[in-house]
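> fold the stuff below for me.
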Amino acid sequence: MSVDRQNSVAGSDPVVQVRNLTKRFGHFTAVNNLSFEIAKGEIFGLLGANGAGKTTLIKMLCGLSRPTAGMANVAGYNLITQPEMIKRRIGYMSQKFSLYEDLTVQENIRFFGGIYGLSKREAIDAGNIMIGRLGLEKMKNRLIGSLPLGWKQKIAFSVAILHHPGLIFLDEPTSGVDPVTRRQFWEMILETAGRGYTIIVTTHYMDEAEYCNRVAVMVEGNIAALDSPENLQRHYHVANMEDLFWKLTREINGSVTKSIQP
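The predicted structure is shown next:
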């Protein structure tokens, strides 16, 4: 699939503003003093290995985990004082499948529509539009658990934007799926971004970074580099994002090694 990214809205107010955001668990620092902004309409990637701090950062920005230090403004609301307002204005899809497998497609849509604050009529109408767009008319009364993984992911993503949140968090949404399903899922992400949504996606698949407008490469709780994939590859003189990641990882690990030598 060729990369067809939409440009973010130049000059618009940032949808996300992060300043010195930090999260510690005892003596362990999972997210270390991060600062960045995300513009409206961006696909913003958080790229890193498992344990790099991506999910911890996402949970803070969603209002699910309180920072140890720093601040953030998400969708116009203060992360510290207005986390409940943030939860109402965002869409979220976790790395673990988030729908109820013992409910039908239609029942899941109506259930989550209610959670997102839609009236029964609004949930039904939004669900009908979603079912039509995905071509699910013949499967709407089937249990989610009976569907192939690719369809489950498409439905979970569509449910996450049922209430038109504007800002969507995708936490390793393609983890554990086959390459064909991953590619199809990214086609959905790109199409959704083209309709004006801002998307923050975490991944440890280096090739997926190519689909993002900008990428923050996370290593051990830090942002080691942040820019468009093209600019990052040019700046670090590497051929692809995987080479960039390993170069940054070696540089950081080398610095740590030097700092602990007597």
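> quick check: phi and psi on I86?
Backbone geometry at I86, expressed as degrees, to the nearest 10, gives phi -60, psi -40.
> leaving out chain neighbours, which residue sits closest to it?
The spatial neighbour of I86 that comes closest, neighbours along the chain excluded (C-beta to C-beta, 6 or more residues apart in numbering), is G63 at 4.2 Å. In short, each C-beta sits where N, CA and C put it, glycine included.
> tell me the contacts of that neighbour?
G63 makes contacts with V74, L79, P83, E84, I86, K87, as judged by C-beta atoms under 8 Å, 6 or more residues apart in numbering.
> now do 7 Å
Going by C-beta atoms under 7 Å, 6 or more residues apart in numbering, G63 touches L79, P83, E84, I86, K87.
> ok, for the third one, nearest residue in space, not its chain neighbours?
Spatial nearest neighbour of E84, chain neighbours left out: G63 (6.8 Å); criterion: C-beta to C-beta, 6+ apart.
> confirm that that neighbour sits in a helix.
No: according to DSSP: H, G, I helix; E, B strand; the rest coil, the state of G63 is coil, so it is not within a helix.
> distance check, it against K54.
Distance check for G63 against K54: by C-beta to C-beta, to the nearest Å, it reads 17 Å.
> do R133 as well
29 Å.
> which one of those two has more residues nearby?
Between R133 and K54, counting by other C-beta atoms under 10 Å, K54 is the more crowded of the two (27 against 9).
> hang on, that one packs against L47?
No: look at K54 against L47 with C-beta atoms under 7 Å: they stay out of range, at 8.0 Å.
> please enumerate the shared neighbours of those two.
Each of M218 lies in contact with both K54 and L47 under the rule C-beta under 7 Å, 6+ apart.
> of the contacts of G63, which belong to helices?
Using DSSP state H, P83, E84, I86, K87 are the members of these that sit in helices.
> and which of those is nearest T249?
Each of those was checked against T249 using C-beta to C-beta; the closest is I86, at 31.7 Å.
> now do the helices in the stretch 1-150 of the chain.
With helices called from DSSP state H, counting those that start in this stretch, the stretch 1-150 of the chain shows them at 54-61, 83-89, 105-115, 120-134, 149-160.
> rebuild the ones you listed as JSON lines, extending it with mean pLDDT.
Formatted as JSON lines, the helices of the stretch 1-150 of the chain follow (pLDDT from 0 to 100):
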{"stretch": "helix 54-61", "mean pLDDT": "95"}
{"stretch": "helix 83-89", "mean pLDDT": "91"}
{"stretch": "helix 105-115", "mean pLDDT": "92"}
{"stretch": "helix 120-134", "mean pLDDT": "92"}
{"stretch": "helix 149-160", "mean pLDDT": "89"}
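> out of these, nearest to V217?
helix 54-61 (10.4 Å).
> output the closest one as PDB, nothing but the C-alphas.
C-alpha atoms of helix 54-61 as PDB (Å, rounded to 0.1, in the frame of the first residue of the first chain):
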ATOM      1  CA  LYS A  54       4.200   4.300  25.000                       C
ATOM      2  CA  THR A  55       1.200   2.800  26.700                       C
ATOM      3  CA  THR A  56       1.900   4.700  30.000                       C
ATOM      4  CA  LEU A  57       2.000   7.900  28.100                       C
ATOM      5  CA  ILE A  58      -1.300   7.100  26.300                       C
ATOM      6  CA  LYS A  59      -3.000   6.300  29.600                       C
ATOM      7  CA  MET A  60      -2.000   9.600  31.000                       C
ATOM      8  CA  LEU A  61      -3.200  11.600  27.900                       C
END
